[in-house]
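K.L.:
Need coordinates for the following:
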Amino acid sequence: MKNYGFTIRDSLQETYSDIYTLDVLEALEALLPFNGAIKSAMSDRLGRRLSRYQRGERIGFLPWDSYIPGTSIKVEDARSGRFEGSAIPHDLRRQWIQGTGPASRPGASVEAGLRNVAYALLSGADGWMFDGEDALGQAGTMSLDSQRNLKLAYGNDPLFHRVAEGVSGEMNRWSLGFLGREIVPDWRSQLGFTTRIFRVRGFHLADRHVRSGDGSPMAASIVDLVLYVVNNYGTLQASGSSIVLYLPKIQTAGEAALWASMLGTLESHLGLGAGTIKVYVLVEQLEATFQLMEIRAALGRHFVGFNTGRWDYINSVADAMGWDRGFVHPNIEEITMGYGYMRNYEDRVRRAVNTPDMNGNTALWQGGMEPNIPVGSAAGVAAGMDKALSGARREQAAGASGKWVAHWKMVHIVRPVWAEAGEDNQLGREFPRLTYTAEDACGLTELEAAPRTVRGAR
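P.N.:
Down below sits the predicted model:
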């Protein structure tokens with residue numbers, strides 16, 4: 001047996017031999033050199049944060065005449081659209097509703113875990129992001145269980161089909177009672193409707209199962225990228241589907257450039273054309289909002305869109321401004337997408353995706369998470385659904401190509417907002433180009449008058 005520059009703990013290589021295939025092991029070896037680069041990037045993150053705290057310094061825009069770290073792209077060229085981006089693949093052009101959730105459950109059997117995948121692919125969502133990060137337990141073997149379930153589902157394994165058939169009946173019984181109609185008329189054909197997407201873990205996380213030759217953990221980003229793409233790219237391409245990832249927690253264009261190098265190396269290793277792997281970027285960090293066009297340019301032909309969120313982004317602002325005793329957040333429920341810095345953040349994302357690249361390509365903007373689900377009292381459900389539809393209409397009017405939902409039951413409740421508009425996406429809408437003034441920078445941490453109470457602080 002070949003000796004690799006990494007080891008897999010305990011007997012997991014044998015237990016999960018269907019996931020740790022020879023092709024996967026070879027690809028892990030090919031990407032192993034990036035482990036050190038990721039550690040350096042994380043060290044740089046901490047260094048920037050410490051320096052800002054010590055100096056009492058706010059985050060700022062990159063100098064116009066500088067280069068994006070790890071690239072030969074000038075910042076001014078990135079901001080002007082003088083870079084090669086990506087045309088939007090056919091199966092991403094309409095993403096009115098994307099659902100999100102893990103592809104397994106903690107300690108679940110294969111059959112029980114596959115139910116998660118069946119709910120997702122039968123939901124009627126335009127895309128489903130199988131979550132390898134926030135919604136996934138970072139303990140035990142749940143990361144491997146999720147990879148196994150996705151490989152079985154994508155490969156149309158008979159066990160998955162048995163599970164999907166049973167789940168379709170459950171979904172139809174619910175929808176008949178709540179919507180007055182079935183939402184899965186033909187479970188077999190329905191399985192091919194939803195675009196399959198995977199969120200890898202970010203640079204900040206280590207994989208607990210794979211260790212490099214020096215005994216340090218392998219970066220979870222490398223492991224997730226390899227396991228998902230190598231195990232599924234052939235099946236996805238055979239069905240005419242794109243290979244699509246969500247990249248979380250990126251803070252700078254330099255980190256985006258590191259991702260681009262990893263993606264390119266894996267494509268080369270597998271014999272895939274450059275730019276075959278497509279990525280969305282979750283804008284979850286304040287620093288990233290200062291470098292949106294630079295992130296697009298650094299990812300180049302891989303990049304298809306941004307996603308805006310709320311919880312992680314609010315936390316990132318609090319962290320970035322933690323040195324400033326005068327920066328006191330209002331109660332969390334007051335910080336909606338229309339509040340101060342959140343409004344300015346969303347506006348910058350909208351303007352960044354609608355700025356064309358050198359070939360005229362613009363990008364997608366996937367709106368934020370809808371946390372409401374139709375569970376509880378009749379009055380509570382009605383109020384929650386009104387709130388969900390109101391939020392969806394606001395995002396649609398603002399220019400979003402679609403939004404996220406956290407549960408399959410929400411897909412057919414929210415999706416009609418975009419169906420009524422009738423456009424696949426809103427790439428044709430024009431918005432003013434981004435500017436990079438001191439006023440713009442201040443707007444990204446703008447506080448507005450709102451209640452601040454002891455209860456809210458707690």
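K.L.:
pLDDT weak spots in the protein?
P.N.:
1, 137-138 (pLDDT under 70).
K.L.:
what are the ranges of the strands in it?
P.N.:
6-8, 97-101, 127-131, 195-199, 206-212, 217-219, 243-247, 277-283, 303-308, 364-370, 402-405 (DSSP state E).
K.L.:
any chance of those strands in TSV, with distance to Gly85 and mean neighbour count too?
P.N.:
To be clear about C-beta, it is placed using only N, CA and C from the backbone, and glycine gets the same treatment. As requested, these are exported to TSV (distance: least, C-beta to C-beta, whole Å; neighbours: other C-beta atoms under 10 Å):
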stretch	distance to Gly85	mean neighbour count
strand 6-8	34	18
strand 97-101	21	25
strand 127-131	20	25
strand 195-199	19	23
strand 206-212	31	20
strand 217-219	26	24
strand 243-247	15	23
strand 277-283	11	24
strand 303-308	6	26
strand 364-370	11	23
strand 402-405	19	27
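K.L.:
out of the ones you listed, which comes closest to Gly81?
P.N.:
Nearest to Gly81, of all these, is strand 303-308, at 12.6 Å by C-beta to C-beta.
K.L.:
mind listing what the closest one pairs with, with the direction of each?
P.N.:
Note on strand 303-308: by DSSP bridges, its sheet partners are strand 277-283 (parallel), strand 364-370 (parallel).
K.L.:
Tabulate the ones you listed (a markdown table), appending distance to Val454.
P.N.:
What follows is the strands paired with strand 303-308, written out as a markdown table (distance: least, C-beta to C-beta, whole Å):
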| stretch | distance to Val454 |
| --- | --- |
| strand 277-283 | 32 |
| strand 364-370 | 28 |
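K.L.:
coming back round to it: indicate which one of the strands of the chain is closest to Asp91.
P.N.:
Once the strands of the chain are compared by C-beta to C-beta, strand 195-199 is nearest, at 4.7 Å.
K.L.:
quick one, what contacts Gln95?
P.N.:
Asp126, Gly127, Thr195, Leu364, Gln366, Ser401, Gly402, Asn425 (C-beta atoms under 8 Å, 6 or more residues apart in numbering).
K.L.:
now, which of those residues sits nearest Gly101?
P.N.:
Gly127 (12.4 Å).
K.L.:
what bridges to the closest one?
P.N.:
Applying DSSP bridges to Gly127 gives these bridge partners: Gln98, Thr195.
K.L.:
how about it, what does it touch?
P.N.:
By C-beta under 8 Å, 6+ apart, Gly127 lies in contact with Leu92, Gln95, Ile97, Gln98, Gly99, Thr194, Thr195, Arg196, Ile197, Val244.
K.L.:
give me that answer again for 6 Å
P.N.:
Taking C-beta atoms under 6 Å, 6 or more residues apart in numbering, we find Gly127 in contact with Gln95, Gln98, Thr195, Ile197.
K.L.:
Dump those residues to JSON lines, plus distance to Lys409.
P.N.:
As requested, the contacts of Gly127 are exported to JSON lines (distance: C-beta to C-beta, whole Å):
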{"residue": "Gln95", "distance to Lys409": "19"}
{"residue": "Gln98", "distance to Lys409": "15"}
{"residue": "Thr195", "distance to Lys409": "20"}
{"residue": "Ile197", "distance to Lys409": "20"}
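K.L.:
what's the closest of those residues to Leu32?
P.N.:
Distances from Leu32 to the contacts of Gly127, taken by C-beta to C-beta, are shortest for Ile197, at 25.8 Å.
K.L.:
how close does the residue sitting nearest the centre point of the chain get to Ala108?
P.N.:
The C-alpha lying nearest the average C-alpha coordinate of the chain belongs to Tyr246 (C-alpha atoms, centre = their mean; 3.3 Å). Here Tyr246 is placed at a distance of 23 Å from Ala108 (C-beta to C-beta, to the nearest Å).
K.L.:
swap in Ser189?
P.N.:
For Ser189 relative to Ala108 (C-beta to C-beta), the value is 27 Å.
K.L.:
and if you look at Ala41?
P.N.:
The value you get for Ala41 to Ala108, if C-beta to C-beta is used, is 34 Å.
K.L.:
Same drill for those two, tell me which one is more crowded.
P.N.:
Ala41 (23 against 15; other C-beta atoms under 10 Å).
K.L.:
show me what contacts the more buried one?
P.N.:
Phe203, Glu255, Leu258.
K.L.:
which one of those residues is nearest Arg433?
P.N.:
Distances from Arg433 to the contacts of Ala41, taken by C-beta to C-beta, are shortest for Glu255, at 24.1 Å.
K.L.:
What sits closest to the closest one if chain neighbours are left out?
P.N.:
The shortest distance from Glu255 to any non-neighbouring residue, by C-beta to C-beta, 6 or more residues apart in numbering, is to Ala41 (5.5 Å).
K.L.:
and if you look at Leu364?
P.N.:
Gly305 (3.1 Å).
K.L.:
List the residues that contact that neighbour.
P.N.:
So Gly305 contacts Tyr280, Ala363, Leu364, Gln366 (C-beta under 6 Å, 6+ apart).
K.L.:
thought Gly124 was touching Val411?
P.N.:
Yes: Gly124 is within contact range of Val411, at 4.9 Å (criterion: C-beta atoms under 6 Å).
K.L.:
Counting neighbours around each, name which of the two comes out higher.
P.N.:
More crowded of Gly124 and Val411, by other C-beta under 10 Å: Val411, with 22 against 18.
K.L.:
Next up, the contacts around that one.
P.N.:
Ile97, Ser123, Gly124, Ala125.
K.L.:
what's the answer for Ile295, then?
P.N.:
Ala253, Ala256.
K.L.:
What's the separation between it and Leu62?
P.N.:
In terms of C-beta to C-beta, Ile295 sits 11 Å off from Leu62.
K.L.:
any residues in contact with both of the two?
P.N.:
Counting by C-beta under 6 Å, 6+ apart, nothing touches both Ile295 and Leu62.
K.L.:
Would you mind writing the CA trace of stretch 89-104 as PDB?
P.N.:
The C-alpha trace of stretch 89-104 is given here as PDB (Å, rounded to 0.1, in the frame of the first residue of the first chain):
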ATOM      1  CA  PRO A  89     -24.500  27.500 -15.900                       C
ATOM      2  CA  HIS A  90     -27.900  26.400 -17.100                       C
ATOM      3  CA  ASP A  91     -28.800  24.700 -13.800                       C
ATOM      4  CA  LEU A  92     -28.000  27.900 -11.700                       C
ATOM      5  CA  ARG A  93     -29.800  30.400 -13.900                       C
ATOM      6  CA  ARG A  94     -33.000  30.000 -11.900                       C
ATOM      7  CA  GLN A  95     -32.500  29.600  -8.200                       C
ATOM      8  CA  TRP A  96     -35.600  31.200  -6.800                       C
ATOM      9  CA  ILE A  97     -35.500  29.100  -3.600                       C
ATOM     10  CA  GLN A  98     -32.500  27.300  -2.200                       C
ATOM     11  CA  GLY A  99     -33.000  25.100   0.800                       C
ATOM     12  CA  THR A 100     -30.200  24.300   3.200                       C
ATOM     13  CA  GLY A 101     -29.600  21.500   5.800                       C
ATOM     14  CA  PRO A 102     -27.200  18.600   6.500                       C
ATOM     15  CA  ALA A 103     -27.200  15.400   4.500                       C
ATOM     16  CA  SER A 104     -27.300  13.300   7.700                       C
END
